[in-house]
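Quick one, fold the following:
(one chain, ligands or ions: 1)
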Amino acid sequence: MSTVFEAFFPSERANSSYDINYEGLYEQGYRGIIYDIDNTLVEHGADADGRSVELFKKLMNMGFSVCLLSNNKRERVKRFYDGLAGNDVNMSRIYYIYDAKKPSRRNYRLAMKLMHTKKATTCFIGDQLFTDVYGANRTGIKSLLVKPINKKEEIQIVLKRKLERQVLKFYRRERWMRLRQSNIVLIGFMGSGKTSVGTELARHMGFGYIDTDELIEEQEEMSIKEIFAEKGEQYFRNLETKTLKVLLRTSKKNVICTGGGTPLREENYKLIKNLGYVIYLKASPETIIERLKDDNTRPLLQRPDREKAVKELLDQRKRVYQRLSYMTVDTDGKSIEKIIDEIEKDI
Ligand SMILES: [Mg+2]
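Modelled structure (predicted):
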């Protein structure tokens, strides 16, 4: 399905500029980020604040170049830039363009020139469809739409937002159509709720439900615990890879739950990425320990110092989970209904 609104569709959406998987972008080869400022990085007209300073420090450490691209006046844009400079951000790869006249392509191109990046290695992040995203799409670069930081806006923008909502409705419908031909993959630590969320999500979507651990148990006619004990972890991990390969060839319209350790193997990571829309169910160590307290089927936790084991494993794994997923859902203290609701709203 294609619509007249397609020119305004963002490549991706995120809740906030502070909630984007920058490691993932870097891994995919992106080296330059063009940012809108107002309502994308800070509230309209506001100076650089603590979290924007932290974000820019992180991006500079990672090796990104950044260009601020604003339709606002020189004074406003320079003030934001100076705020970063005054807080010890390394400014050697940060540029700014004011009065940019987005959606005109001209200054997106200038931004790439300044950053020494190409279309394929540049992405744009902004909060408005008809200026920010449309301009990036016309230029031919990846566009990320974030939710505006302040809710209260001037009347002309309020009207524009109404139109944006119409376009986003089409956008979501089209994504949904595409998603319906694919799978949803849930990743996350044991005890993060994959099984309970997965079965319910499958029911909601009219998808099948597949648990890779269960498939392996059926195939081997042994429990995971027994496989670990009798054949060892390596043997089990090989089975996981084999299972993912089969699913990649055959699975469609399923919610697929993976084992907590599955994405850690490089080969599995790639298989999962190709399998469908990946969602990371996130839980705190406290929640996980509480949920697993009566569970003795988890081979990796059969140690006296469970708490320490969970914290260590979680620490090792969370970066991989974060990098692999398109969406992260916090599950701490939330009902299954609430979690499903959040997934469906953002998918
Ligand atoms: Mg803006």
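
Give me the helices and strands touching the helix or strand residue 309 falls within, please.
Per DSSP states H and E, residue 309 falls inside helix 306-324. For helix 306-324, the elements it packs on are helix 22-27, helix 266-275, strand 277-282, helix 285-291, judged by 3 or more CB pairs under 8 Å, 6 or more residues apart in numbering; DSSP states H and E. Where you see a C-beta, it was placed from the backbone N, CA and C, and this is true even at glycine.

So for it, what gets flagged as buried?
309-311, 313-314, 317, 320-321, 323-324 (16 or more other CB atoms under 10 Å).

can you redo those as TSV with distance to the ion and pLDDT?
Shown next, in TSV, are those (distance: CB to the ion, whole Å; pLDDT from 0 to 100):
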residue	distance to the ion	pLDDT
309	45	85
310	41	87
311	39	89
313	40	88
314	36	89
317	35	91
320	33	90
321	30	91
323	27	84
324	30	88
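
which ones are touching the residue in the stretch 101-250 of the chain that the ion sits nearest to?
Nearest residue of the stretch 101-250 of the chain to the ion: residue 127, at 4.4 Å (CB to the ion). Taking CB atoms under 8 Å, 6 or more residues apart in numbering, we find residue 127 in contact with 36, 38-40, 145-149.

Of the residues you listed, which pair is most distant in space?
Pairwise distances across the contacts of residue 127 peak at 14.6 Å for 38 and 145 (criterion: CB to CB).

Neighbour count: those two, which is higher?
Neighbours per residue (other CB atoms under 10 Å) separate residue 38 from residue 145, with residue 145 holding more: 25 against 22.

Stretch 262-273 - what's its average pLDDT?
Average pLDDT, stretch 262-273: 93.

That stretch: which residues count as buried?
For stretch 262-273, by 16+ other CB under 10 Å, it's 262-265, 268-269, 271-273.

same deal with stretch 123-134?
123-129, 131-134.

With distance to residue 243, secondary structure and pLDDT added, can I get those residues in CSV?
Below are the buried residues of stretch 123-134 laid out as CSV (distance: CB to CB, whole Å; DSSP: H, G, I helix; E, B strand; the rest coil; pLDDT from 0 to 100):
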residue, distance to residue 243, secondary structure, pLDDT
123, 34, strand, 97
124, 38, strand, 98
125, 37, strand, 98
126, 41, strand, 97
127, 41, coil, 96
128, 44, coil, 94
129, 41, helix, 94
131, 46, helix, 95
132, 42, helix, 96
133, 39, helix, 96
134, 43, helix, 95
